[in-house]
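Student: predicted coordinates and the sequence they were generated for:
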Amino acid sequence: MPELVETGIEGLDSILNGGIVKNAAVLISGNPGTGKSILGMQYLYNGVKDHGDGGIYLTFEESQADIEEAALSIGFEQWPEFVENGDIKVYDKRTLLRDGDFSGTLDRILDDLQSTDYDRLVLDSLTMFQLFFEDEKEQRHYLLKFIDILKDSGLTSLLTTEQSAIFPETEIGLENFLTDGNIYLVQSPAGSTSNRYVWVAKMRKQSIKNSMFPMEITQGGLKIYEQAAGFSMVGESAPFFGGGEQPER
Ligand SMILES: Nc1ncnc2c1ncn2[C@@H]1O[C@H](COP(=O)(O)OP(=O)(O)O)[C@@H](O)[C@H]1O
Ligand SMILES: [Mg+2]
């Protein structure tokens, strides 16, 4: 049995049959507003609170203050304290782009990561990260290097991406092949409101519950109803995932 890292997110660990395999790098995919950032913060927050795991949060949100505000508003009350005492290390957009030289800063961070004592890492988002490289060759180089280092450094990582769960997948990026798993967050319109779902599409070395499960975002973060009858993505009853035309099936 491989060692597992619990996300501590209600319902999610059960769908994952215990958690995420240690040292894995997992994509958290979904359209804007589906809860990717909250999931990432919750993963780091629970890590400190429940396991004493140190967490690194690389984010393109503007400042520490913005992030703290978001954390407090969702109910991660000890977030400021965890950041203050170094249990959670935040690199915000200002830090990442401080010298106007993203690859220079990144090289330094990657050096830091190679000798890190931290256990969990969240990159929010990989989509933004890739945008900072002008040429595709450099982008690939850093993506490969980054994911390599994550896996070698004892970190168990979540990387958010703006890819939606629309089928068929039109363009499958390199990141899908380099990572160990993909968890999709989905929001589908339902009358005047919307329904949220989580779908673990892929997880190497792990047996998972492969259906879609209903999810809620409330005070305290994400909550997944894994007791609800999940439904298959392959059946006819799969919901429409928003964003453009309803795909042909
Ligand atoms: N305290 C809260 N209670 C309920 N829902 C919330 C709360 N805070 C944020 N949300 C919901 O979470 C969504 C944002 O999640 P976020 O993680 O920022 O999405 P993403 O990173 O995927 O764009 C908002 O659109 C909002 O609907
Ligand atoms: Mg976000």
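Tutor: That came through fine. Ligands and ions are numbered 1, 2, ... in the order given.
Student: didn't Q187 look like it was pressed against P32?
Tutor: No. Contact criterion CB atoms under 8 Å: Q187 and P32 do not qualify, at 9.3 Å. Placement of C-beta: from N, CA and C, glycine included.
Student: more crowded one of those two?
Tutor: Q187 (22 against 11; other CB atoms under 10 Å).
Student: could you point out the helix or strand that follows the helix or strand where the more buried one lies?
Tutor: Take DSSP states H and E as the rule and Q187 turns out to sit in strand 181-190. Using DSSP H and E, the next helix or strand after strand 181-190 towards the C-terminus is strand 193-203.
Student: and the gap between L110 and L96?
Tutor: Between L110 and L96 the distance is 12 Å, computed by CB to CB, to the nearest Å.
Student: let me fix that: P2
Tutor: For P2, the distance to L96 - CB to CB - is 32 Å.
Student: again, but for E10
Tutor: Distance from E10 to L96, by CB to CB: 31 Å.
Student: cool, L150 as well?
Tutor: Here L150 is placed at a distance of 16 Å from L96 (CB to CB).
Student: just how off-centre is the one helix or strand K137 maps to within its chain?
Tutor: K137 is part of helix 136-152 when elements are defined by DSSP H and E. Relative to the chain's own centre, helix 136-152 is displaced by 17 Å; criterion: CA atoms, centre = their mean, to the nearest Å.
Student: so which residues make contact with that helix?
Tutor: Residues from elsewhere that reach helix 136-152 (CB atoms under 8 Å, 6 or more residues apart in numbering): 23-25, 103, 106, 110, 113-114, 121, 123, 129-130, 133, 157, 174-175, 178-179.
Student: what pLDDT does the closest residue in space to A228 that isn't next to it in sequence get?
Tutor: In space, A228 comes closest to P214 once its chain neighbours are excluded; the distance is 5.2 Å by CB to CB, 6 or more residues apart in numbering. pLDDT recorded at P214 is 95.
Student: the helix or strand containing P214 to strand 181-190, inter-axis angle?
Tutor: Taking DSSP H and E as the definition, P214 sits inside strand 212-218. On the basis of axes from the mean of the first three to the mean of the last three CA atoms, to 10 degrees, strand 212-218 is oriented at 70 degrees to strand 181-190.
Student: which residues of the protein lie near ligand 1?
Tutor: 30, 32-38, 73-74, 217-219 (CB under 6 Å from any ligand atom).
Student: format those as JSON lines; extra columns: secondary structure.
Tutor: Listed next are the residues of the chain next to ligand 1 as JSON lines, based on DSSP: H, G, I helix; E, B strand; the rest coil:
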{"residue": "G30", "secondary structure": "coil"}
{"residue": "P32", "secondary structure": "coil"}
{"residue": "G33", "secondary structure": "coil"}
{"residue": "T34", "secondary structure": "coil"}
{"residue": "G35", "secondary structure": "coil"}
{"residue": "K36", "secondary structure": "helix"}
{"residue": "S37", "secondary structure": "helix"}
{"residue": "I38", "secondary structure": "helix"}
{"residue": "S73", "secondary structure": "helix"}
{"residue": "I74", "secondary structure": "helix"}
{"residue": "I217", "secondary structure": "strand"}
{"residue": "T218", "secondary structure": "strand"}
{"residue": "Q219", "secondary structure": "coil"}
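Student: which residues does the one helix or strand L58 maps to contact?
Tutor: Per DSSP H and E: L58 is located in strand 55-59. By CB under 8 Å, 6+ apart, the residues outside strand 55-59 that reach it are 37, 40-41, 43-45, 47-48, 67, 87-93, 96, 109, 113, 116, 118-124, 129, 155.
Student: swap in 7 Å and give it another go.
Tutor: 44, 47-48, 67, 87-92, 118, 120-124 (CB atoms under 7 Å, 6 or more residues apart in numbering).
Student: return the distance of E77 relative to Y45.
Tutor: Distance from E77 to Y45, by CB to CB: 9 Å.
Student: more neighbours: which of those two?
Tutor: Y45 (26 against 11).
Student: ok so that one is a strand residue?
Tutor: No. Counting by three-state DSSP, Y45 is not found in a strand; it is helix.
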